[in-house]
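**Student:** Take a look and give me a structure for this.
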Amino acid sequence: MITHNQLLERVLDGRLILVGEYRGGKLDYKDIVDSASGQKIQTVQYVYAVECGAAFGTVRIFRPQPIPTAEVTVTTIGLEKGRRYAFELDRLVHKGGFVTAHLGYREPELVEEHA
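**Tutor:** Residues are numbered from 1 along each chain as shown. Sure, this is the predicted structure:
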């Protein structure tokens, strides 16, 4: 769990943090071609739907799965719908009226509730 003070410290450090309410997610399998070998590789990524309010609406956040596809059998996302999470982003893209974001391998962090 991350506190409000820790969030503020990270933002002031220049990190790109998106905080929003988790609405749902899934594992997404994607085929890519390795540019060096020309081989087709299947990758797995998490896709989170996060409600961020009036500024962005619902944002789709992508996070690569760090284990090879062959080892993925049953994986649950492990986030609670309706709770607020902080996502430290690598990049944020606003194109064609939609916002997407990319996490890298960092896990989302539950944000402490107001007292």
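
**Student:** For this structure, give the strand that spans the most residues.
**Tutor:** Secondary structure of the chain read by DSSP state E shows that its longest strand is strand 17-33.

**Student:** Tell me the buried residues in that strand?
**Tutor:** Applying a neighbour-count criterion of 16 or more other Cβ atoms under 10 Å, one finds 17-22, 25 buried in strand 17-33. Glycine gets a C-beta too; all of them are placed from N, C-alpha and C.

**Student:** same deal with stretch 84-92?
**Tutor:** 84-89.

**Student:** those strands in this structure, which residues are they?
**Tutor:** 17-33, 40-51, 58-64, 84-88, 91-95, 98-102, 109-110.

**Student:** quick one: the longest one to strand 58-64, angle?
**Tutor:** Between the axes of strand 17-33 and strand 58-64, defined by axes from the mean of the first three to the mean of the last three Cα atoms, to 10 degrees, the angle is 50 degrees.

**Student:** residue ranges with poor pLDDT in the protein?
**Tutor:** Scanning the chain for pLDDT under 70 picks out 66-76, 115.

**Student:** Please tell me how far the spatially most central residue of it sits from Gly104.
**Tutor:** Nearest to the mean C-alpha position of the chain, by Cα atoms, centre = their mean, lies Ile61 at 4.0 Å. Relative to Gly104, Ile61 is positioned 11 Å away (criterion: Cβ to Cβ, to the nearest Å).

**Student:** and what of Ala55?
**Tutor:** Taken as Cβ to Cβ, the span from Ala55 to Gly104 is 22 Å.

**Student:** Same check on Val11?
**Tutor:** In terms of Cβ to Cβ, Val11 sits 17 Å off from Gly104.

**Student:** same deal with Leu79?
**Tutor:** 17 Å.

**Student:** Mind checking which of those two has more residues around it?
**Tutor:** Neighbour tally, Leu79 and Gly104, criterion other Cβ atoms under 10 Å: the higher count belongs to Leu79, 18 against 12.

**Student:** got a list of what that one touches?
**Tutor:** Neighbour list for Leu79: 22, 25, 48, 85, 108 [criterion: Cβ atoms under 8 Å, 6 or more residues apart in numbering].
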